[in-house]
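A.B. asks: coordinates only, sequence not included:
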């Protein structure tokens, strides 16, 4: 949408995730290259089915929310405490 073509090309052609997509889903990869090579942005091609950017963001957020869970804040403190004790035990930290 913002026509940051150089950034998009770099991401498409040099990231491991896109290399996997190129092998596993060549149609999707080709579609992205096609969108990238256009001189204009076509909303209907980028957001199929009459959706828009906000609806796609909501869909992605919903899917991520199902995969990510929260833990109590005290859990992080407990993990840090355990790691410091371990580093002290193996001699990486002074007693």
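C.D. replies: Noted; the coordinates are in hand. Since this is a predicted model, take the numbers as computed values, not measurements.

A.B. asks: contacts and neighbour counts: CA atoms only from here.
C.D. replies: OK.

A.B. asks: Please name the nearest non-neighbouring residue to the spatially most distant residue from the centre of the chain.
C.D. replies: For the chain, the residue at maximal distance from the C-alpha centroid (C-alpha atoms, centre = their mean) is residue 95, at 40.9 Å. Spatial nearest neighbour of residue 95, excluding adjacent residues (C-alpha to C-alpha, 6 or more residues apart in numbering): residue 88 at 6.3 Å.

A.B. asks: how much space between residue 15 and residue 22?
C.D. replies: 11 Å (C-alpha to C-alpha, to the nearest Å).

A.B. asks: Kindly apply the preceding question to residue 32 instead.
C.D. replies: Where residue 22 is concerned, residue 32 sits at a distance of 10 Å (C-alpha to C-alpha).

A.B. asks: How many residues are close by residue 12?
C.D. replies: 19 (other C-alpha atoms under 10 Å).

A.B. asks: Not counting sequence-adjacent ones, nearest residue to it?
C.D. replies: That would be residue 18: by C-alpha to C-alpha, 6+ apart, it lies 5.7 Å from residue 12.

A.B. asks: So for this structure, the centremost residue is which one?
C.D. replies: residue 17 (9.4 Å).

A.B. asks: I'd like to know which elements the one helix or strand that residue maps to is packed against.
C.D. replies: Per DSSP states H and E, residue 17 falls inside helix 16-24. Helix 16-24 sits against helix 5-14, helix 26-37, with contacts defined as 3 or more C-alpha pairs under 8 Å, 6 or more residues apart in numbering; DSSP states H and E.

A.B. asks: how about those helices in a markdown table, adding mean pLDDT and distance to residue 76?
C.D. replies: Shown next, in a markdown table, are the helices and strands packed on helix 16-24 (pLDDT from 0 to 100; distance: least, C-alpha to C-alpha, whole Å):
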| stretch | mean pLDDT | distance to residue 76 |
| --- | --- | --- |
| helix 5-14 | 92 | 33 |
| helix 26-37 | 91 | 39 |
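
A.B. asks: got those helices as a markdown table, with distance to residue 51 columns?
C.D. replies: Shown next, in a markdown table, are these (distance: least, C-alpha to C-alpha, whole Å):
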| stretch | distance to residue 51 |
| --- | --- |
| helix 5-14 | 22 |
| helix 26-37 | 17 |
